[in-house]
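[1] Structure, please.
(2 chains)
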Amino acid sequence: MTNAYIPFPSEIKEVIKHTGKEYTFRMHFVGDVKPGQFFEVSVPKYGEAPISVSGIGPDFVDLTIRRVGRVTDEVFEHYVGQSLLLRGPYGNGFDTSLYEKGEVIVIAGGTGVSPVRGVIAALAETADAKDKHVIVGFRSPDDMLFRDDLKDWEKKLDLILTVDGAPDGYTGNIGLVTKYIPEVPIRNVAEAQAVVVGPPPMMRFSVMGLLEKGFQEKNIWVSQERKMCCGLGKCGHCRIGQTYVCLDGPVFNYTESKDMLD
Amino acid sequence: MGYVLQKEGFSKLIETLGKQYRLFAPVLKKGEGRYTDVDVVRYDLVSSSDQIELEKKSDYAFKEFLTPLSETLFFFAEGNVKEADLDMRPVIIFLRSCDMHAVKRLDQIYLENGSEKDWFYARRRGLVSFALIGCSHSFENCFCVDMKSNVTKDGYLFSVDQIDGKIYSDLKDDGLKDLFEANAESVQDVTPQYVKENQVHVTIPDKVDNSIYKHPLWDEYTSRCIGCGRCNFVCPTCTCYTMQDVYYTENGKMGERRRVGASCMVDGYTNVAGGGQYRKTHGERMRFKVLHKIFDFRRRFGYDMCVGCGRCDDVCPEYISYSNIINKVNEAAKAGKEVQ
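    Below is the predicted model:
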């Protein structure tokens, strides 16, 4: 029996700096992993933090980390030339095959873009990419993540990039992601799939917007975020009702997640 | 096969068992209770029969061997990680029927929830067998009968009932037959005593709908409960823990990762990086805990988590009665159905 609690060292291959407090760490990893899954990132002495996979390659995974707590502070301070300790991947991840054909809308806010970056990247490469709609929102122009990806996605699929607020003179979209949901052209709303990831209020209002637009509950997918100490269904912190976010999620169909009350 | 032992015979039996097993049993600790001059019964390793408390209910649960309040998982030494050693001698835990039923709940979470077994729990669990302490009567706050945890028919090596100074024992394990033969006064069929009637009764609702989340019954606990978490720490079925890194040197090269018991009633249980927190009020936390014990666990695994030991009611410094809450939830669930 293997001991799932023992982390393995993973070399940091590259660090991509998006903003002052959000970096993507490209970590050596070979194995099965899906967008929406997560790793427990360990920094001895500071602890572990669950971080979702923002990119997947043949010998790496990208972990986009926001500097907001004890562990992530330490990662940012002392990563140079280093490795990090990892456990995982954990969680169910997105079933990207659901979004290959037909109309799809992805709505992501802030670091919520990380878990769906792999989904959006796959959408951009589909034959009917013009039917793939993506609304991405950030707090301000300075908070934008994955700028190179955004440029690439803009060419390939229907991307609406917006910020909550911006200094005078900003020419892009300004407004919450929910503002743009009504104007996304969907021909067959009964069949269209939707993915929503972001801060809890943003998810709640986005789902409301989709339902108003006529989306079916069963076609809406969300990714949840909770405190997790194990990722294995033991520590109890991520439980909501009968559901363990680490095991049964973090990706949920809306028909399930609507009854998950904290 | 059953045996009757005189006090001396039982004493010898325990002494002999103690050479082969570590014995983890309820022990009366004089004056070590929560208030001045108050006794407490809690689990400890024992070496003689007179240390084992067979009369009183233990204030704390047996789980402290299987899920210690603080357990070192592994050591970090520069780049290396090494699992903590464990004393691998076998252990017999002395416990009552409700606690035997609690073992199944601990196993459910640590061994069966998710595809990975908990390596550290499995290692401890593999060392453990049980001795059942019979219950001649119900204790205060117990409601084992309603939770169907009052009877235990198997899963133990032997049982222990102290009646009029003699020990009555139902032996299940053939390997201990010679030891019992050598120390027993007589052989007779023994059925461990069990509780047939409690003073406290609960009715578990079949189903609780989402309206319970906003029900005013929880408001009382927002003001009464102080969020100390004692109910979780004495509960034989609470399994939550939090990871903790402890370092011996400033340079962060030598240290250990522990897990420590966590309580869903205590601040910080749901805190996520960046300041997010779920269930801020004590009423919401009470609802989270109670529904887990009598509904949410059952929805996932098919049976209730709570075993009705009543320790949470015994220990609460605010005299909150959890069995009362169960009945209130049942009333609310019934009222909800009538409205529909």
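[2] Of all the residues in the lowest-mean-pLDDT helix or strand in chain A, which ones are buried?
    Within chain A, confidence by mean pLDDT, DSSP states H and E is lowest for helix A:70-77 among all helices and strands, at a mean of 83. Using 16 or more other Cβ atoms under 10 Å in any protein chain shown as the test for burial, helix A:70-77 gives A:71-72, A:74-76. For the C-beta atoms, the positions are set from N, CA and C on the backbone; glycine is no exception.
[3] Pull the residues that contact it.
    Helix A:70-77 is contacted by residues A:21, A:23, A:25, A:41-43, A:45-49, A:65-67, A:84, B:273 when judged by Cβ atoms under 8 Å, 6 or more residues apart in numbering or on different chains.
[4] what's the helix or strand for residue 23?
    In the absence of a named chain, this looks at chain A. Using DSSP states H and E, the element containing residue A:23 is strand A:22-28.
[5] Please refer instead to chain B.
    If you go by DSSP H and E, residue B:23 is part of strand B:22-29.
[6] what do you get for residue A:161?
    Assigned by DSSP H and E, residue A:161 belongs to strand A:158-163.
[7] what kind of secondary structure is the residue of the stretch 51-200 of chain B at minimum distance from chain A in?
    Minimum separation of the stretch 51-200 of chain B from chain A (Cβ to the nearest Cβ) falls at residue B:114, amounting to 3.3 Å. The three-state label given to residue B:114 by DSSP: H, G, I helix; E, B strand; the rest coil is coil.
[8] so it touches residue A:238, yeah?
    No - counting by Cβ atoms under 8 Å, residue B:114 stays clear of residue A:238, with 11.5 Å between them.
[9] The top helix by length along chain B near chain A at all?
    Ordering each helix of chain B by length in residues (DSSP state H) puts helix B:322-339 first. No - residues of helix B:322-339 contacting chain A under Cβ under 8 Å from any Cβ of the partner chain: none, with a closest distance of 14.2 Å.
[10] one step back: show me what secondary structure element comes after the strand holding residue A:161.
    Next in sequence after strand A:158-163, counting helices and strands by DSSP H and E, comes strand A:173-174.
[11] Show me which residues of stretch B:90-98 are buried.
    Judged by neighbour count using 16+ other Cβ under 10 Å, the buried positions of stretch B:90-98 are B:91-98.
[12] Could you report the distance from residue B:296 to residue B:66?
    Distance, residue B:296 to residue B:66, by Cβ to Cβ, to the nearest Å: 22 Å.
[13] neighbour count winner among those two?
    Per other Cβ atoms under 10 Å in any protein chain shown, whichever of residue B:296 and residue B:66 has more neighbours is residue B:66, with 24 against 21.
[14] was I right about the more buried one contacting residue B:120?
    No - using Cβ under 8 Å, residue B:66 makes no contact with residue B:120, being 9.9 Å away.
[15] rewinding a little: who touches both of residue B:114 and residue A:238?
    Common contacts of residue B:114 and residue A:238, defined by Cβ under 8 Å, 6+ apart, comprise A:244, A:246.
[16] Which one's more surrounded, these two?
    The neighbour count for residue B:114 versus residue A:238, taken as other Cβ under 10 Å, is higher for residue A:238 (27 against 20).
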